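K.L.:
give me coordinates for this.
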Amino acid sequence: MTDPSRSPSAGLRIASIAGVPVYLGWSWFALAAVITVVVGSGAGAVGYVIGLVYAVVLLLAVLAHEGAHALMARRLGLVVHRVVADFLGGHTAFDSRALTPGRAAAVAAAGPLTNLLLALVGWLGAQAVQGTMAGLVLGGIGWVNLLLALFNLLPALPLDGGQILESLVWGVTGRRASGLLVAGWAGRVLAVLIVLWAVGLPLVQGRTPDLIRIVWAGFIASVIWRGAGQAIASSQARAALEGRTIDQVARPVTVIPGSLPVGSLGPTPGIPLVREGGRYLLLGSPGEGVTVPPDTPVSALGTALPEGAVVESAPGDELVPALTTMQSSRSSVVVLTDGGQPWAIAIADDLNTLLGS
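P.N.:
The predicted model follows:
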């Protein structure tokens, strides 16, 4: 599952894929315990060992799945922050500002396709060594990967299939908000169907619903419902931004070197923006009654913007990249660049005023 918005979660760093850190979330150990107990219950020590093996096989399948997301995203030029395996399966966090419908679909499809490939390898291997312990293990690897792939390909957010559906609608309509809305409601429908499968189907067949199935189905349905709800809310937020461009809030800047003496700073056509090395600073007032020597560099009066508070956003571009950058950098001011050159800043208060109008 790809998730651009997640913040770093606690966990144990176990590896890296092409420089991307891979974490094992602490909650995964709870999942491993549940799988071990459920599979091994009533089968003695051997059953618990088999259950633990299944948990490890699932972990490897999830890491292969998420690693494929990460590698595809990197190949398409996206910045990948981390890969995490946890109780909910896993997620790959990356910078989504450069996404297009095609890129989003490719990143989403990479995970399930990798699992399908591993399922085929496991099945072929099991056929080659039938009747042995190795054949049993390879068969288990094949089934785990097949089920993981098929489940994730269901066309409903927050699953990978839902992200592919979102991309298709986005590509056809030209509106990502429409893609999020359609795939989000598909997710809610899927959540209801899962509950009906666990509770309604047995009742229709005259059977008592299985308690473990109800618990698992309820848990999975709740996760999907929540993810689908977030997609629908994101769709509504994006729809509110349509027709608005960065020009409506951009405040032009004049870039000045940080070494420029205060005494040499005269009137500028735009807001003075100090560039010093790889960082940007906004000039502030020295305070009432404070005298600043004229040879003081202007950088001494500047307030540094947080790292990452810079976004490539040319005149006429939509507002979403600037908003996303404010959220990710936790800065109320972001520098707007065009071709890598600063031309303006965007301020959160201006955005709030515009969106509230």
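
K.L.:
mind listing what G229 touches?
P.N.:
G184, R188 (C-beta atoms under 8 Å, 6 or more residues apart in numbering). Heads up, the C-betas are built off the backbone N, CA and C, glycines and all.

K.L.:
next, give phi and psi for it.
P.N.:
Note on G229: its backbone torsions stand at phi -60, psi -40 [degrees, to the nearest 10].

K.L.:
could you do P342 as well?
P.N.:
Main-chain torsions, P342, degrees, to the nearest 10: phi -60, psi 130.

K.L.:
tell me how many other residues crowd it.
P.N.:
As a burial measure, P342 scores 18 neighbours (other C-beta atoms under 10 Å).

K.L.:
ok, now Q205?
P.N.:
Residues near Q205, counting by other C-beta under 10 Å: 7.

K.L.:
quick check, pLDDT for it.
P.N.:
pLDDT for Q205: 86.

K.L.:
same deal with G287?
P.N.:
54.

K.L.:
quick one, helices of the stretch 151-300 of the chain?
P.N.:
Listed in chain order, the helices of the stretch 151-300 of the chain (DSSP state H, counting those that start in this stretch) span 160-173, 176-195, 201-204, 211-241.

K.L.:
select from these the stretch with the lowest mean pLDDT.
P.N.:
When the helices of the stretch 151-300 of the chain are ranked by mean pLDDT, helix 201-204 comes last with a mean of 86.

K.L.:
what residues does that one touch?
P.N.:
T208, P209, D210.

K.L.:
and for stretch 130-139?
P.N.:
The contact list for stretch 130-139, computed with C-beta under 8 Å, 6+ apart, reads V53, V57, G122, W123, G125, A126, Q127, A128, V129.

K.L.:
neighbour count added to the contacts of helix 201-204, as a markdown table?
P.N.:
Shown next, in a markdown table, are these (neighbours: other C-beta atoms under 10 Å):
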| residue | neighbour count |
| --- | --- |
| T208 | 7 |
| P209 | 14 |
| D210 | 13 |
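
K.L.:
contacts for the lowest-mean-pLDDT helix or strand in the chain, please.
P.N.:
The weakest-scoring helix or strand in the chain, judged by mean pLDDT, DSSP states H and E, is helix 27-40 (a mean of 79). Helix 27-40 is touched from outside by 11, 46-52, 54-56, 58-59, 85-88, 212, with contacts defined as C-beta under 8 Å, 6+ apart.

K.L.:
neighbours around T353, how many?
P.N.:
12.

K.L.:
thank you kindly, that will do.
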